[in-house]
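In: I would like to see how this sequence folds:
(6 chains)
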Number of protein chains: 6
Amino acid sequence: MNNLKSGFSFQEKSKILLEALSNIPNFVSETFVIKYGGVAMSDETLLNAFVHNIVLLKQLGINPIIIHEGEYEINAALKMLGINNKFINDMRLTDKETMNIIEMVLCGSINKKIVQYINAAGGSAIGLCGKDGNLMKAEKIATTLKENKLSNIEKILDMGFIGKPVEINPDILFFLEESDFIPVIAPVGYGKNGETYHINAESVVGAIAIAVSASKVIIFSEGDEEINEMSNRKISVKNLNTAINNKEIKGEKLIETLMTCTRMVEECSGMAHIVDGTIPNVILELFTENNSSVSIVNDL
Amino acid sequence: MNNLKSGFSFQEKSKILLEALSNIPNFVSETFVIKYGGVAMSDETLLNAFVHNIVLLKQLGINPIIIHEGEYEINAALKMLGINNKFINDMRLTDKETMNIIEMVLCGSINKKIVQYINAAGGSAIGLCGKDGNLMKAEKIATTLKENKLSNIEKILDMGFIGKPVEINPDILFFLEESDFIPVIAPVGYGKNGETYHINAESVVGAIAIAVSASKVIIFSEGDEEINEMSNRKISVKNLNTAINNKEIKGEKLIETLMTCTRMVEECSGMAHIVDGTIPNVILELFTENNSSVSIVNDL
Amino acid sequence: MNNLKSGFSFQEKSKILLEALSNIPNFVSETFVIKYGGVAMSDETLLNAFVHNIVLLKQLGINPIIIHEGEYEINAALKMLGINNKFINDMRLTDKETMNIIEMVLCGSINKKIVQYINAAGGSAIGLCGKDGNLMKAEKIATTLKENKLSNIEKILDMGFIGKPVEINPDILFFLEESDFIPVIAPVGYGKNGETYHINAESVVGAIAIAVSASKVIIFSEGDEEINEMSNRKISVKNLNTAINNKEIKGEKLIETLMTCTRMVEECSGMAHIVDGTIPNVILELFTENNSSVSIVNDL
Amino acid sequence: MNNLKSGFSFQEKSKILLEALSNIPNFVSETFVIKYGGVAMSDETLLNAFVHNIVLLKQLGINPIIIHEGEYEINAALKMLGINNKFINDMRLTDKETMNIIEMVLCGSINKKIVQYINAAGGSAIGLCGKDGNLMKAEKIATTLKENKLSNIEKILDMGFIGKPVEINPDILFFLEESDFIPVIAPVGYGKNGETYHINAESVVGAIAIAVSASKVIIFSEGDEEINEMSNRKISVKNLNTAINNKEIKGEKLIETLMTCTRMVEECSGMAHIVDGTIPNVILELFTENNSSVSIVNDL
Amino acid sequence: MNNLKSGFSFQEKSKILLEALSNIPNFVSETFVIKYGGVAMSDETLLNAFVHNIVLLKQLGINPIIIHEGEYEINAALKMLGINNKFINDMRLTDKETMNIIEMVLCGSINKKIVQYINAAGGSAIGLCGKDGNLMKAEKIATTLKENKLSNIEKILDMGFIGKPVEINPDILFFLEESDFIPVIAPVGYGKNGETYHINAESVVGAIAIAVSASKVIIFSEGDEEINEMSNRKISVKNLNTAINNKEIKGEKLIETLMTCTRMVEECSGMAHIVDGTIPNVILELFTENNSSVSIVNDL
Amino acid sequence: MNNLKSGFSFQEKSKILLEALSNIPNFVSETFVIKYGGVAMSDETLLNAFVHNIVLLKQLGINPIIIHEGEYEINAALKMLGINNKFINDMRLTDKETMNIIEMVLCGSINKKIVQYINAAGGSAIGLCGKDGNLMKAEKIATTLKENKLSNIEKILDMGFIGKPVEINPDILFFLEESDFIPVIAPVGYGKNGETYHINAESVVGAIAIAVSASKVIIFSEGDEEINEMSNRKISVKNLNTAINNKEIKGEKLIETLMTCTRMVEECSGMAHIVDGTIPNVILELFTENNSSVSIVNDL
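Out: Predicted coordinates:
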């Protein structure tokens, strides 16, 4: 009678359960800020698992805040409209017309799609961007470029409406925490003259996590090789900085992500996790001792 | 000393003030559902006056809920993309691709623009559509067409993703009532299979006003001749029905608007006002005895 | 349609309304301490306008506290009883019998009359004196008099039961703030041995305004020439002191009133207004830019 | 060591204490409406004991409401002013001038005196009349008189401003219940046209006790012979009615008092006590089994 | 990286977790009444698992109430004192001396031991018996016995202080629900004359579950063969009654337990579970689809 | 009519009442920690008076906490079981078996008996020991003994499970304060390894009184001669220390009790009273000026 159809004995099952259930009370009323995107968002199965996990977190009394990106859809829309993408230093040159398209794609299409999926999974999501409730004020970021390969002279480039967060007003997020609603945020901010900025989703995650004193930041990655190569699954801020300095960690984008994580860990005394978005239900790893993810902590 | 620069005596001023101030206590904590659009939205001066009025209402303790449309912008976007508009019985034939564009324009562009303007006027708006918080479930509406002018046979036409509200979940609106946030709603609903519908903004106003027991519905019109021709500025539901039946009121669209108003008045025991959106600050009329607007009431 | 019977265009009206309505949110939950009396109280029309204004303030969420005097009625009562009034330095020589009459007139007649008028205007007033709720402890004030016109020797005169406030217990006022009740206060205090004192109403206004951290003190004057002659309608404490020192301001009584105002302004960081009680609805001026009144502020 | 200076053994003392202390929990949060006046008010010692008892009741969590009369003082004031008292059927013919004097004496003199005494005893009283907070609306009562001793024809007499309570608004009393303030009420009401009425204090007690659902009415009597002659100290409404019908109880005024008590007992399911106001601290009898007082109860 | 030391893939683990975590929100704020005893209590390993499970339930927001028995310890104590156990119809003949011993063992030894174990596991338990907070009033139960095997005459036997619950006052349990404290209850009740009764633990479970509207009753059994033989793991009240009537279920004690369960299920619209107390962590089965336990439900 | 059957005049009675009633408001919401035992507990009449007094205190809004001992019953139980009592320095040598018996007697017999008596008197008591709610952590106390009468060498004796309080967790007591429940505590604590300790009841009183900031400690004594000989009924901590140092106070046990009292007085700024437990209702003395008790205060 003790043998389960699934092939587990109850003894085995109860071990897993004890581990997971014991973690829940620590997480109740805590806020998790999640950077969501990539294949985990475009693959229907992964998306469905994700929204069910999010609804479960909220039901357990945890407050998830989702920040999504939308590179794939933005590129498709711009292409359809015949607008050329020009990237410098990995940033898209974004004039006003482009920004209008980006805003519509992020706020009017992807954002509402995630909202709809969460709701269909039994939750109740509210789609926001940085304009709603004065959530995120931004300002232009400039990038620099060498005049030519031989030159050391750098010229500052105006990238248009690419911004960075300069002020977070978390009132609407605190307000929604008291409710059953789950905020889903598009990475779009407003400027001091009412203009609109596209902001890197990981920067938004960092800024919002700090503003709401999140206990966890969870970043969905694409199961990248660089991450899998990192030999330490759990790493302190101090050791991480050493590893970066020692060039032990590769990949510019990964390093940028890790830096966002360390800032958040230092300012919120929370933890940051870079999870493999290609694994269904990967968020549930947080309730287990599994460690496909890389965790950044203050102290080991 | 008693003569004002503005040319009013204080005696005259105080008369206006007594009238207006005395009305406020009746409105405090009440909800006004406002259908916004047309020239009142496209004209910068009128838009600026509108958002300042809305912020003022909220500061006075009134809860405005704004439902906007976006015909002009939708048409522009579809044209830019080379998508042909085909209208039958005043409704746009809306396939999935068209619906995607409409949603992006309404939810991702116009909605966030109004939010941004309200915020710039000192308020704090939250942009929503019918998907957010499961606010508005919709279903397809069909239209019928005579086979040909001579025929009496009507065929039912599938207009695509044109819908009507079938279920309002006002939780998010009640929740925001307790806050300083002002909801701005795009007329987009979700279907039972997760599909998206474009809904006539006045239908949304009617459905939401009833769901939140609004005390006022305010419909921004374009200063239409038909309205100005209506001889009664304040009219009971009963007299209105008589006038419509007697063909005393002209204009199919106006009649539809009036029908939305009477339904709301009957179900909410509130009042409905069709205001002339071309007059700056026209909302302030509600605090006065002025009557450029047509008001529909239960009993005279 | 846009022309009003009153001769105002809606454009003009809306300008006045925007100005007035915008002021209300700043005043909500604030306390106004009002010194009331003179012709504004004895003239039936002015009295009726006043009590309606007070009821309106309360309905708008403002907390008015009224302190009234009653010189005219006191004099009439004393005359009827054949009691001689003797004034020294503008103060009535007040023996115990006189004090009994004054208390009955102020607390038993005028106070209850104002209460009744406010109630008839739709409010709910509570009449108090300084004894109720231990509101105002007082002690005797002495005055000095030169022995004769040529002499420099001053003798201290016992004026009887003329007092000044020495301790305010605002508990009952804070308690009524939480309610719909409007306090109306007669300027009578109790002494440490249970004796009764008549106190100058403006002193009471000053002491109570400070005790409740009022945001406004409003003093009803009689449209006095001295006030009308003051060239500045809005004056800072600093400039006022200079003007008084430079003898630019005339009238001993006015100067005393102004001093009460400056003390209140300095201690409460509120504003003080000396309004012309002969203007009906003069309190509504506070919602406008009109300035028949003289306003004393901390900084211009 | 067990013998007390006072001559009581602790055993004796503890018996009294057990009895008294056991009664307190039943009284906490209950309201006692007290008719106060006569020698208990005019005698300094009795007055001092009374106010200390009242303060003690409030400190124990009981809500006393005091309604006082002032016959002695009214008569003195009218005499001083040379106004003739004319009584018909025990009621004073009260023209407007007389009413003014009565109101000043009741509301401006006696009421404030009791307030002051309660405060001096450590309490915090608020003096009210029927106008304050719209507490008591009244209307004229008429009396009838035989045309002459031989005639059976009665003519209706207009007694002027003698009234009876027609509507109690207990809001201010409920509001004060939540506070440390003790209401002291002068028996003066307002009429529908703003006029003022003098009302019999016992009628006020009855009307207010019913309006606030008092658990006790306590009526201070003068140690009258008629009361002492009543053979039953505790009497049911039913038996009392029988006794009155059988002419076993004498004294028209006593019978009227008893009728007020029975009405209150029947409508509030409380108890009424007619206490001997000449006994110092007589209110404390309520905590004991002593029965100098006559108690009217629903059932024995 | 995806392979766990424990031999489970994360995919397998996540399936178990999804199942378990999804159940928690349904249980939060619900009350589970647990009959505890037998080997699950005497075996140190099982006891330790049990108290950790209980602490976990409370941390997850569930309210466990434990009712324990203590047959083994009672027998040991009586034996040590040389008191003979005499059982009739499975009930111990319990005179006053025996009852004193039983009470001391249940309330003073076992109860405090479980409290101590729960506390050591990180909880905070409060040991109670039916006397505490007037929790459980009891009365004597009589049993009947045939005079001899051949006779049909039954005589009623006085079993002494063996009782059944007649009145539950759940105030203390409702009060503790609002706290972090876990009630542990010894099956001892008080009689109307203050006497003490020993009550069958399952009767206590039934009575308390009904009084607190528990959503689950959990009965620890000893892994009895009769239970394992029951072919249905989940059975409706109706089917259970049929099975009992058809003699398909054996074992008098099991049948009695099942009857207690059906009463509770019918009155609380909850579920009852008879779990195998020999399985460590068996309570966690409630979060899974495992079914070593027999569940009684209203409808299948 | 003013003469009472009990032989007191109402005047005398009212004097006692005024004194007692005036004290109550000072005590409301205060906590009294009471050491109960000896003849006051074993004598049925004294016990009944005690529990009625306790119920009365709670009804008056005071929070009594009772700590009882049980020497007499422990001795009887040990004797019945043939376990020899061996006392060294007034402490019982307590091995594990003895401790088990002591715990059962204190927690399972006496504690529940007092609970039952309080409940029968109309209260609602909850029986606790130091294990419940982690109330009292204890550790072993050692005693020392001279090797022989002539020697100065002291050896440390292990007394077994005799403990002293080292940590009070008053959560359960604060929680019960908010309720109608009266805590009754057996002097048993838990050790860091889960072991059980018997603790001197007066030490428990001291530790708990300090932890809950009691305003009074009341210690029931046996009417001992040493106490009656103390010439001062009310004594300051300072004077008491002097008296002890000067050997003016006799009796080692009394001195120990007095030391517990002074510690409590100094740490809680409350008062301690040693009352004569042989006097029925002796707790009521606290409401009077009687002084059979010895009171220790901070300052005279």
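
In: wait, is residue A:99 part of a strand?
Out: No. Looking at residue A:99 with DSSP: H, G, I helix; E, B strand; the rest coil, it is helix, so not inside a strand.

In: now it: how far from residue A:106?
Out: 10 Å (Cβ to Cβ, to the nearest Å). Where C-beta positions appear, they are placed from N, C-alpha and C, glycine not excepted.

In: ditto for residue A:282
Out: As it turns out, when the distance is counted by Cβ to Cβ, residue A:282 lies 24 Å from residue A:106.

In: quick one on the thing from earlier: so which of residue A:99 and residue A:106 has more stuff around it?
Out: residue A:106 (25 against 20; other Cβ atoms under 10 Å in any protein chain shown).

In: which residues touch the strand of greatest length in chain A?
Out: In chain A, ranked by residue count with DSSP state E as the criterion, the top strand is strand A:154-168. Residues outside strand A:154-168 that contact it (Cβ atoms under 8 Å, 6 or more residues apart in numbering or on different chains): A:88, A:91-96, A:98-99, A:130, A:135-147, A:189, A:191, A:195-200, A:203-204, A:207-208, A:210-211.

In: are any of those buried, and if so which?
Out: Of the members of the contacts of strand A:154-168, the ones counted as buried by neighbours, 16 or more other Cβ atoms under 10 Å in any protein chain shown, are A:91-94, A:98-99, A:130, A:135-138, A:143, A:189, A:191, A:195-200, A:203-204, A:207-208, A:210-211.

In: ok, which of the residues you listed also contact chain B?
Out: With respect to chain B, and counting by Cβ under 8 Å from any Cβ of the partner chain, the subset of the buried ones among the contacts of strand A:154-168 in contact is residue A:196.

In: helices - which of the buried ones among the contacts of strand A:154-168 land there?
Out: Cross-referencing those with the helices (criterion: DSSP state H) gives A:98-99, A:203-204, A:207-208, A:210-211 as the overlap.

In: dump those residues into JSON lines; add distance to chain E and pLDDT as well.
Out: As requested, these are arranged in JSON lines below (distance: Cβ to the nearest Cβ, whole Å; pLDDT from 0 to 100):
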{"residue": "A:98", "distance to chain E": "39", "pLDDT": "96"}
{"residue": "A:99", "distance to chain E": "40", "pLDDT": "97"}
{"residue": "A:203", "distance to chain E": "28", "pLDDT": "96"}
{"residue": "A:204", "distance to chain E": "28", "pLDDT": "97"}
{"residue": "A:207", "distance to chain E": "30", "pLDDT": "97"}
{"residue": "A:208", "distance to chain E": "25", "pLDDT": "98"}
{"residue": "A:210", "distance to chain E": "28", "pLDDT": "96"}
{"residue": "A:211", "distance to chain E": "28", "pLDDT": "97"}
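
In: pick out whichever of those residues sits closest to chain C.
Out: The shortest separation between chain C and any of these is 27.0 Å, and it belongs to residue A:211 (by Cβ to the nearest Cβ).

In: isn't that closest one right next to residue A:170, touching?
Out: Yes. Taking contact to mean Cβ atoms under 8 Å, the distance of 4.4 Å between residue A:211 and residue A:170 places them in contact.

In: low-confidence ranges in chain A?
Out: Using pLDDT under 70 as the threshold, the predicted model of chain A has low-confidence ranges A:1-7, A:231, A:290-291.

In: got the residues of it near chain C?
Out: Counting by Cβ under 8 Å from any Cβ, none of the residues of chain A come close to chain C.

In: show me what from chain A comes close to chain E.
Out: By the criterion of Cβ under 8 Å from any Cβ, the positions of chain A lying close to chain E are A:1-2, A:4, A:6-8, A:10-18, A:20-22, A:24-25, A:28, A:52, A:56, A:59-61, A:228, A:279-281, A:284-285, A:287-292.

In: show me the contacts for residue A:263.
Out: Listed by Cβ under 8 Å, 6+ apart, the contact partners of residue A:263 are A:206, A:210.

In: between helix A:201-211 and the host helix or strand of it, find me the angle.
Out: In this assignment (DSSP states H and E), residue A:263 forms part of helix A:252-268. Going by axes from the mean of the first three to the mean of the last three Cα atoms, to 10 degrees, helix A:252-268 is angled at 10 degrees with respect to helix A:201-211.

In: could you dump helix A:252-268 to PDB, C-alpha only?
Out: Backbone C-alpha positions of helix A:252-268 (Å, rounded to 0.1, in the frame of the first residue of the first chain) are rendered in PDB as follows:
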ATOM      1  CA  GLU A 252      29.900  40.100 -20.800                       C
ATOM      2  CA  LYS A 253      26.200  39.700 -20.500                       C
ATOM      3  CA  LEU A 254      26.400  37.200 -17.700                       C
ATOM      4  CA  ILE A 255      28.800  39.400 -15.800                       C
ATOM      5  CA  GLU A 256      26.400  42.300 -16.100                       C
ATOM      6  CA  THR A 257      23.600  40.100 -14.800                       C
ATOM      7  CA  LEU A 258      25.800  39.000 -11.900                       C
ATOM      8  CA  MET A 259      26.600  42.700 -11.100                       C
ATOM      9  CA  THR A 260      22.900  43.500 -10.900                       C
ATOM     10  CA  CYS A 261      22.500  40.600  -8.600                       C
ATOM     11  CA  THR A 262      25.300  41.600  -6.200                       C
ATOM     12  CA  ARG A 263      24.000  45.200  -6.000                       C
ATOM     13  CA  MET A 264      20.600  43.800  -5.000                       C
ATOM     14  CA  VAL A 265      22.000  41.400  -2.500                       C
ATOM     15  CA  GLU A 266      24.100  44.100  -0.800                       C
ATOM     16  CA  GLU A 267      21.200  46.600  -0.600                       C
ATOM     17  CA  CYS A 268      18.300  44.300   0.300                       C
END
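
In: gap between the helix or strand following it and the chain center?
Out: Downstream of helix A:252-268, the next assigned helix or strand under DSSP H and E is strand A:271-276. Averaged C-alpha coordinates place strand A:271-276 at 10 Å from its chain's average position (Cα atoms, centre = their mean, to the nearest Å).

In: hmm, stretch A:36-49 touching chain B?
Out: No. With Cβ under 8 Å from any Cβ as the criterion, chain B is not reached by stretch A:36-49; the gap is at least 11.4 Å.

In: now do the end-to-end distance for that stretch.
Out: Across stretch A:36-49, the terminal residues are separated by 13 Å (Cα to Cα, to the nearest Å).

In: circling back: so which bits of the helix holding residue A:263 are buried?
Out: So helix A:252-268, judged by 16+ other Cβ under 10 Å, has buried residues A:254-255, A:257-258, A:260-265, A:268.

In: just to revisit the earlier point, what's the overlap in contacts for residue A:99 and residue A:106?
Out: In terms of Cβ under 8 Å, 6+ apart, residue A:99 and residue A:106 are both contacted by the residues residue A:198.

In: how near is the residue in the stretch 51-200 of chain A positioned nearest to chain F to residue B:210?
Out: Taking Cβ to the nearest Cβ, chain F has its nearest neighbour within the stretch 51-200 of chain A at residue A:61, 22.7 Å off. Distance of residue A:61 to residue B:210, given as Cβ to Cβ: 34 Å.

In: now swap in residue A:182 and tell me
Out: Note on residue A:182: its distance to residue B:210, by Cβ to Cβ, is 27 Å.

In: ok, residue A:224 next?
Out: Here the distance between residue A:224 and residue B:210 works out to 52 Å (Cβ to Cβ).

In: next one: residue A:163
Out: As for residue A:163, its distance to residue B:210 is 41 Å (criterion: Cβ to Cβ).

In: likewise for residue A:124?
Out: Applying Cβ to Cβ to residue A:124 and residue B:210 gives a distance of 21 Å.

In: quick one: which of the contacts of strand A:154-168 sit in strands?
Out: Taking DSSP E as the definition of strands, these contribute A:88, A:91-92, A:136-146, A:189, A:196-199.
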